[in-house]
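Asks: Starting from these lines, generate the structure:
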Amino acid sequence: MLHTFLNCLKIPDLRRRILFTVGLLVVYRVGGQITVPGVDVTVLREYFAGAGHTLFGIYDMFVGGAFTRGTIFALGIMPYISASIILQLLGAAIPYFQKLQREGEEGRKKITQYTRYGTVFLAVAQSYGVSFFLTTITGPATGNPAVSSPGIGFTLQTVLTITTGTIFIMWLGEQITERGIGNGISLIIFIGIVAELPFAIRSEWHHYLINRGHGKNLIEQIFLVALMFAVVAFVILMIQGQRKIPVQYAKRVVGRRVYGGQTSTIPLRINQAGVIPIIFAQSIMFLPGTVTTLFPDSEVMQTLGGFFATTSLVYWVAFALMIIFFTYFYTAIVMDPNQLADNMKKHGGFIPGVRPGKRTAQYIDRIMTRITLPGAIALAAVAIFPFFVSQHFNVTAAFSRFFGGTGLLIVVGVALDTLQQIESQLMTRHYEGFMKGGKIRGRR
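Replies: Got it, this is the predicted structure:
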């Protein structure tokens, strides 16, 4: 492994890309420490340290703690992610966006432009909500307001600052994708989640020292660490799991040359939807709890809100069922068997034993339906696993998030994707990758 990293630094272009990526990620982390002008950070820490703020916990994990610190990067890259998801959904429902998706590079450029416009719109709307939220915060102990001078001036300043910060993060992600290594947007989310891991470990260690001998012991802590590695291994297996369908290409004679006659495969992932079903399910599951807070005097609404609290078993069962539903829903959007069958037919490809055209589409759809079920169940299990860890083990809420859920899926998925891109760069330059021990191959 060490030899492989040294090989990465020996290649000038790869070294430049890695250092460029690391430099921009450092800029992102530095910006995540700059507080919005007019906000008292001490009051924010006091407010979010209290109970009952699990609604912001998952969001804050994605932005590396920037939200609870009230920084200029409080929204992180999430408006861009939301705009991208909206454009993907529109591509499945509106013919104009379907046409753009089939136009290749030109269509991709237009979709990227629309995504940027959507990012700005969502950033303005969400930053206005953040500015209003900051003016309502007071310290539980001191009673001091988080914003000393609220008003239209503070609102405009906050909207402009946070929106600009979001656009700057979007630019950083695009620069990393173009001139660095890996997917820039994914790496920004990755570094935000990983940056919170040391704080979660420290809080869990302090929790262990305080409660040692009173429900906490060293063997249990070792078991939790081993359990975390097991969950990571399971997530890697789920992400890498594929069903390969053999494809045979017929021979074609064009002039004096013979084309085709090759055998290939179509890799169908068991988790084709990625983390999108969890994001959709979380967005919907947050709605009942948010609505019930608007009726603090209603006993019926508060009882209903209790069922949808993050500590309720009903919440997590409904959450798991919604993840399974959205996994099928999103897989049907991103994976079109009819289009795949048509493309195979145009290039003279066919699945052995299956007639081209409609029968091929039905065959692929049947396989996707079968392999999506275990993938959806595995995704739901990973998403709700932190709940069972927090219920059966005396661990802190911050530490339990890293036992599963969206954060772990993103971290593992982005790490695997980045390592694969680095390895492909090494292989094209006659170096062995991470899986081969990092020795240099001889050139011929």
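Asks: What backbone torsions are found at the closest residue to Lys358 other than its chain neighbours?
Replies: Leaving aside its sequence neighbours, Lys358 sits nearest to Ala341 (CB to CB, 6 or more residues apart in numbering; 7.5 Å). Using the backbone N, CA and C atoms, a C-beta is placed for each residue, glycine as well. The phi/psi pair for Ala341 (degrees, to the nearest 10) reads phi -70, psi -40.
Asks: need the contact list for Ala341.
Replies: Applying CB atoms under 8 Å, 6 or more residues apart in numbering to Ala341 gives the contacts Pro356, Gly357, Lys358, Thr360, Ala361, Ile364.
Asks: if I look at it, how far off is Phe295?
Replies: Counting by CB to CB, to the nearest Å, the gap from Ala341 to Phe295 is 52 Å.
Asks: What residues sit buried inside the strand or helix carrying Gly153?
Replies: Using DSSP states H and E, the element containing Gly153 is helix 152-179. If you call a residue buried by 16 or more other CB atoms under 10 Å, then helix 152-179 has these buried ones: 154-155, 158-159, 161-163, 165-167, 169-170, 172-173, 176-177.
Asks: I'd like the mean pLDDT over the lengthiest helix in the chain, please.
Replies: Ranked by residue count under DSSP state H, the longest helix found in the chain is helix 358-392. Averaging pLDDT along helix 358-392 gives 86.
Asks: What residues of it count as buried?
Replies: Those would be 360-361, 363-365, 368, 371-372, 375-376, 378-387, 389-390, for helix 358-392 by 16+ other CB under 10 Å.
Asks: helices and strands around it, which ones?
Replies: Counting contacts by 3 or more CB pairs under 8 Å, 6 or more residues apart in numbering; DSSP states H and E, helix 358-392 packs against helix 218-240, strand 242-249, strand 263-269, helix 276-292, helix 313-334, helix 337-346, helix 397-400, helix 405-428.
Asks: Now with 6 Å, please.
Replies: helix 313-334, helix 337-346, helix 397-400 (3 or more CB pairs under 6 Å, 6 or more residues apart in numbering; DSSP states H and E).
Asks: Could you report the neighbour count for Gly129?
Replies: Counted with other CB atoms under 10 Å, the neighbours of Gly129 add up to 11.
Asks: go on, Gln240?
Replies: Gln240 - counted by other CB under 10 Å - has 13 other residues nearby.
Asks: per-residue confidence for it?
Replies: For Gln240, the model assigns a pLDDT of 85.
Asks: Same question for His53.
Replies: At His53, pLDDT is 45.
Asks: now do Gly433
Replies: pLDDT for Gly433: 53.
Asks: And His3, by the same measure?
Replies: 66.
Asks: what does the one 4 residues further on give?
Replies: Confidence per residue is given as pLDDT, and for Asn7 that number is 69.
Asks: Check Gly255 too.
Replies: Model confidence at Gly255, given as pLDDT, is 64.
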